[in-house]
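*Asks:* need coordinates for the following:
(chains A and B)
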Amino acid sequence: GESVGLHLPTLSVQEGDNSIINCAYSNSASDYFIWYKQESGKGPQFIIDIRSNMDKRQGQRVTVLLNKTVKNLSLQIAATQPGDSAVYFCAEGGGTGGGNKLTFGTGTQLKVEL
Amino acid sequence: NAGVMQNPRHLVRRRGQEARLRCSPMKGHSHVYWYRQLPEEGLKFMVYLQKENIIDESGMPKERFSAEFPKEGPSILRIQQVVRGDSAAYFCASSPYRPAYEQYFGPGTRLTVT
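*Replies:* So this is what the prediction gives:
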């Protein structure tokens, strides 16, 4: 079946460096992609989203890139800070059969080292 | 403006008991989603409801699980005769419109079945 998965379960970066988290998706019909941040004991927090008709979208310190050719979604965090330590999930929605639900990947743990 | 509220935050039940999880969506939101998260996994869609209607329950187990979103009051996720495999974090999300890609999540209810 369709799935959304992540390449790396854990990513360690030095404070101040840039972080890149990748996500592979398989449902080429999805038309909406989202990145969520989840801190321990809390619910997912919306970070940034992108529609399938876009390649790039920038927010505050974050950038999402969508490569439809290789079906890859990436999240770039500039000048990573200790407060960025969390699990990051990609999710997809819409498209054929997607309906209203979001399909989540398994998550990448981001650890920021001082 | 209060966010999505869930209670209780932690719930312990013995095998065979019933669990009732409550979700109050954000003000002005009439669309509610329930997701389940097992340890170190992503969120899995369970059910999508609007006021007094179940729109999509494709992720709900066929037995023991039910959900409602009455005209007045919170949405309820009910699990009858709980088993240890039901232990998980249950998250509720809400959205002001459909399609509901931009979903706002509550803090979750952590259910432990002993």
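*Asks:* any idea how far stretch A:40-48 is from the chain center?
*Replies:* In this view, stretch A:40-48 has its centroid 12 Å away from the chain centroid, taken as CA atoms, centre = their mean, to the nearest Å.
*Asks:* check which residues of that stretch are buried.
*Replies:* Residues A:Gly43, A:Pro44, A:Ile47, A:Ile48 are the ones in stretch A:40-48 that count as buried (16 or more other CB atoms under 10 Å in any protein chain shown). In short, each C-beta sits where N, CA and C put it, glycine included.
*Asks:* between those residues, which is closest to chain B?
*Replies:* A:Gly43 (3.8 Å; CB to the nearest CB).
*Asks:* remind me which residues of chain A are low pLDDT?
*Replies:* Scanning chain A for pLDDT under 70 picks out the ranges A:1-8, A:95-99.
*Asks:* list the residues that contact residue 68.
*Replies:* No chain was given, so I picked chain A. Applying CB atoms under 8 Å, 6 or more residues apart in numbering or on different chains, we find A:Lys68 in contact with A:Ser28, A:Ser52.
*Asks:* oops, chain B please
*Replies:* The contact partners of B:Glu68, by CB under 8 Å, 6+ apart, come to B:Leu49, B:Ile54, B:Ser75, B:Ile76, B:Arg78.
*Asks:* repeat for B:Gly3
*Replies:* B:Met26, B:Tyr104, B:Gly106.
*Asks:* now do the phi/psi pair for the second one.
*Replies:* With angles defined as degrees, to the nearest 10, B:Tyr104 shows backbone torsions of phi -110, psi 130.
*Asks:* find the nearest non-adjacent residue to the most centrally placed residue in chain B, please.
*Replies:* By CA atoms, centre = their mean, chain B has its centre lying nearest to B:Trp34, at 3.7 Å. Among residues not flanking B:Trp34 along the chain, B:Met46 sits closest, at 4.4 Å (CB to CB, 6 or more residues apart in numbering or on different chains).
*Asks:* A:Gly16 now?
*Replies:* Nearest to A:Gly16 is A:Ala79, by CB to CB, 6+ apart, at 5.7 Å.
*Asks:* also A:Gly107?
*Replies:* A:Gly107 sits nearest to A:Val87 (CB to CB, 6+ apart), 4.4 Å away.
*Asks:* what parts of chain B come near chain A?
*Replies:* When proximity is defined by CB under 8 Å from any CB of the partner chain, chain B lies next to chain A at B:4, B:31, B:33, B:35, B:40-45, B:48, B:55-56, B:58-59, B:91, B:98-108.
*Asks:* PyMOL command to pick out the buried ones of the residues you listed?
*Replies:* With 16+ other CB under 10 Å as the criterion, this PyMOL line picks the buried residues out of the residues of chain B next to chain A:
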select buried, chain B and resi 4+31+33+35+42+43+44+45+48+55+59+91+100+101+103+104+105+106+107+108
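*Asks:* what segments of chain A are strands?
*Replies:* A:4-6, A:10-14, A:19-25, A:32-38, A:45-51, A:56-58, A:62-67, A:72-77, A:86-93, A:102-104, A:108-113 (DSSP state E).
*Asks:* how about A:Ile47, what does it touch?
*Replies:* Counting by CB under 8 Å, 6+ apart, A:Ile47 makes contact with A:Ile34, A:Trp35, A:Tyr36, A:Lys37, A:Gly59, A:Val62, A:Leu75, A:Tyr88.
*Asks:* what sits against the first one?
*Replies:* Right, the one you point to is A:Ile34. A:Phe46, A:Ile47, A:Ile48, A:Asp49, A:Ile50, A:Cys90, A:Ala91, A:Glu92, A:Gly93, A:Leu102, B:Tyr101, B:Glu102.
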